[in-house]
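>>> sequence first, then the predicted structure, then my questions.
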Amino acid sequence: MANSDKVAIIGLDSIPPEMMFEKLLDKLPNVKRMYERGMHGNLESCNPPITVPAWMVMMTGMNPGKLGIYGFRHRRGFSYNEGYIVNSTSVKQDTIWDYLSRLGKKSIVLGVPPGYPPKHIENTDVVSCFITPSADKPFTSPPELKEGVLSAAGGKYIFDVTFRTENREEIKKELFELLHKKFDVAEYLAKTRPWDFFIMHEIGFDRLHHAFWKFFDATHPKHVKGNPYETLDIEYYKAADDRIGKLVEIFGEDCVTFVLSDHGSKGMLGAFCVNQWLEKEGYLKFKTKPQSVSDLDKTEVDWTKTKAWGWGGYYARIFFNVKGREVTGVIERKNLEDEMKKLTGKIMSIQDNTGRTMKNYVFKPSELYGTAIGDLPDLMVYFDDLNWRSAGTVGHDSLYLFENDTGPDDSVHSMNGIFLMYDPKKDMGSKVLKNARIEDIAPTLLKMYGVEASPGMDGRILAEVVAQ
């Protein structure tokens, strides 16, 4: 790559290839031009396919086990009910912009999660991500960048929307405001700050999918034909396409642009009550059985008789109650492996509400990642290939819920995101990239800058990309 060349990433959270490259491509003139002249393909996400850790897997080239990040929320040590939210300080490994900073190259990092609090990195402008509590907090590095960001956003910069609510009209309004302010700031930074590497992240697509998927997906079990949001996907994606086109123009002829997503989305079939099932199977015991829907933390669990419990989310995290590890552990350490195998067998035979055996996946972190550090679960469970969420609450009438137990939600995550590469100076003829994984992005981009990647990276250099 010549010294004058730049690389930019437009990161769009949760976009599946089926949406951008198939269903909506003909309605997105800027993306379609990039698609027809560039290189595209599926980008396989990490396990688990969740925003945090996925973007850091992409930016470090290291899997979640090496990062020690398994989702937004983590159990604190071996506590029964203490947890914490991952933030920027949880990321100890070098990102692409850390490597470039040491070479004196300048980067702009806009909203990449987890990005709060903003880290101070030489040669790097940082604007924090959607986990930022409010614009009243310091959210830029250097701090003086905040004034320009607020001005570019019309005096008010927003980080996220409230999306688990039935007030869909308000969500819709906020989604478009979020999108336009993010791109206003992206344009401002790209025009006014010096940079060799630019990356922005927009969470709005994730929120759109969670809040509106059943409205625009005719195959969703809860879809109602003729509803007022039936074409909202088209409206939102078109608005984004217009802003992408303008931003790519600002990037200029000497910039190679990537449009990437961290994972995909698909319709949610339901939520499986993991803790109620564990109680049914004799693993979880209560002193007093909950009579109404409750968080497990707010119930009277009999830890002296409980062998295992779980967390809800897009996937289930299972924890065993081990002697010498948990305060009132009941499983002997020597028996833990056998207990995990037994429970795995039971999980693999779980049926859905129709009696069909679910396509469940059970992972042991150390086997999945090779190295697994930090506050990891004992087992990770995908219910029915992620079509069913894990519901951690208890006190339901059934093991099967058809709403998310933490608020309205129409979609779940899928394993494939999007990869799109565009160089204004070249016509690649809609070249297809195959077998690309999210871990491959960091070593590939570093290679484009002539930087040797760390041997600890799990990704490979995508030769087809570098050759262009």
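Nice, I can see it.
>>> what residue is smack in the middle of this structure?
The residue lying closest to the centre of the chain (Cα atoms, centre = their mean) is residue 51, at 1.3 Å.
>>> hmm, that residue is touching residue 12, no?
No - with contact defined as Cβ atoms under 8 Å, residue 51 does not count as touching residue 12 (11.4 Å). For the C-beta atoms, the positions are set from N, CA and C on the backbone; glycine is no exception.
>>> hang on, the earlier thing: how about the residue nearest to the centre of the chain, phi and psi?
The phi and psi torsions at residue 51 (degrees, to the nearest 10) take the values phi -40, psi -50.
>>> and it, what does it touch?
13-14, 72, 113, 203, 206, 262-263 (Cβ atoms under 8 Å, 6 or more residues apart in numbering).
>>> distance of it relative to residue 71?
From residue 51 across to residue 71, the span is 9 Å (Cβ to Cβ, to the nearest Å).
>>> cool, residue 433 as well?
Using Cβ to Cβ, residue 433 is found at 28 Å from residue 71.
>>> again, but for residue 241
Distance of residue 241 to residue 71, given as Cβ to Cβ: 31 Å.
>>> same deal with residue 459?
Per Cβ to Cβ, residue 459 is found 21 Å from residue 71.
>>> same thing with residue 211?
20 Å.
>>> show the pLDDT at the nearest residue to residue 95 once chain neighbours are set aside.
Distance criterion Cβ to Cβ, 6 or more residues apart in numbering; nearest residue to residue 95, sequence neighbours excluded, is residue 59 at 4.4 Å. On pLDDT, residue 59 comes in at 98.
>>> next one: the helix or strand containing residue 59 to chain centre, how far?
Using DSSP states H and E, residue 59 sits within helix 51-60. Distance, stretch centre to chain centre, for helix 51-60: 8 Å (Cα atoms, centre = their mean, to the nearest Å).
>>> quick one: name whatever helix or strand follows that helix.
Counting by DSSP H and E, the next helix or strand C-terminal to helix 51-60 is helix 64-67.
>>> which elements pack onto that following helix?
Judged by 3 or more Cβ pairs under 8 Å, 6 or more residues apart in numbering; DSSP states H and E, helix 64-67 is in contact with helix 51-60, helix 365-369.
>>> tell me if residue 343 really is in a strand.
No - assessed with DSSP: H, G, I helix; E, B strand; the rest coil, residue 343 is helix; it does not lie in a strand.
>>> residue contacts, it?
Listed by Cβ under 8 Å, 6+ apart, the contact partners of residue 343 are 281, 283, 308, 318, 379.
>>> returning to that earlier point: more neighbours: residue 211 and residue 71, which one.
residue 211 (28 against 20; other Cβ atoms under 10 Å).
>>> got the phi/psi numbers for the more buried one?
Torsion angles, degrees, to the nearest 10, at residue 211: phi -90, psi -20.
>>> close enough to count as contact, it and residue 171?
Yes - under the criterion of Cβ under 8 Å, residue 211 makes contact with residue 171 at 4.9 Å.
>>> which residues are common contacts for these two?
Shared contacts of residue 211 and residue 171 (Cβ under 8 Å, 6+ apart): residue 163.
>>> distance between the ends of stretch 299-316?
Distance across stretch 299-316, first residue to last, is 19 Å (Cα to Cα, to the nearest Å).
>>> ignore what I typed, I meant stretch 434-450.
End-to-end span of stretch 434-450 (Cα to Cα): 23 Å.
>>> repeat for stretch 415-431
Termini of stretch 415-431 sit 22 Å apart (Cα to Cα).
>>> next: stretch 399-412.
End-to-end span of stretch 399-412 (Cα to Cα): 18 Å.
>>> list the buried ones in it?
Buried residues in stretch 399-412, defined by neighbour count with 16 or more other Cβ atoms under 10 Å: 399-401, 404-405, 408-412.
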